[in-house]
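>>> following is a predicted model, sequence given first.
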Amino acid sequence: MRRGVLAAVVAGLVLAMGSGRLAAQSECLACHGDATMQDANGHSIAVDGKTFGDSIHGSLKCNDCHINIKEYPHPEQVAKVECKGCHADEAQGLAEAFMRTRKSILARAAMGMRIRFLRRAIRGRRCIR
């Protein structure tokens with residue numbers, strides 16, 4: 001009996017939390033669910049509700065990430081989503097990988113410049129002789 005009551009309470013809480021999230025999402029998806037929706041610059045701002053709901057972030061509300069959007073109409077300047085708020089470790093790893101790649105690209109470019117310079121210098125010597 002106690003297990004049945006406990007299960008019912010837990011199920012009720014899960015449904016209550018889920019329905020609040022769905023209500024918040026449905027307000028946003030009333031507009032953003034339109035696949036043709038675009039911002040002033042012509043970029044798509046459409047969201048496929050099912051795809052989002054099934055994703056790893058499906059348990060979040062839209063304004064968990066879009067922090068300055070609290071009501072409609074939206075503010076003129078929408079804040080950039082900062083994933084590092086939740087994904088600090090991943091953001092740090094990505095920044096480090098970017099720096100390693102950048103240094104590698106710069107090093108290869110510098111090496112390429114040196115090689116081209118040396119080739120030209122060697123060709124110049126041959127022409128002089």
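All right, it came through fine.

>>> what is the mean pLDDT for the host helix or strand of Gln92?
Gln92 belongs to helix 88-128 when elements are defined using DSSP states H and E. For helix 88-128, the mean per-residue pLDDT is 73.

>>> same thing with stretch 58-68?
Per-residue pLDDT values over stretch 58-68 give a mean of 90.

>>> could I have the CA atoms of that stretch written out in PDB?
What follows is stretch 58-68 as a C-alpha-only set of coordinates in PDB (Å, rounded to 0.1, in the frame of the first residue of the first chain):
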ATOM      1  CA  GLY A  58      15.000  18.400 -23.900                       C
ATOM      2  CA  SER A  59      14.500  18.600 -20.200                       C
ATOM      3  CA  LEU A  60      15.500  22.300 -20.200                       C
ATOM      4  CA  LYS A  61      13.200  25.300 -20.600                       C
ATOM      5  CA  CYS A  62      14.000  27.600 -23.500                       C
ATOM      6  CA  ASN A  63      15.000  30.500 -21.200                       C
ATOM      7  CA  ASP A  64      17.300  28.200 -19.200                       C
ATOM      8  CA  CYS A  65      19.800  29.000 -22.000                       C
ATOM      9  CA  HIS A  66      18.200  32.100 -23.600                       C
ATOM     10  CA  ILE A  67      18.500  34.000 -20.300                       C
ATOM     11  CA  ASN A  68      17.300  37.400 -21.300                       C
END
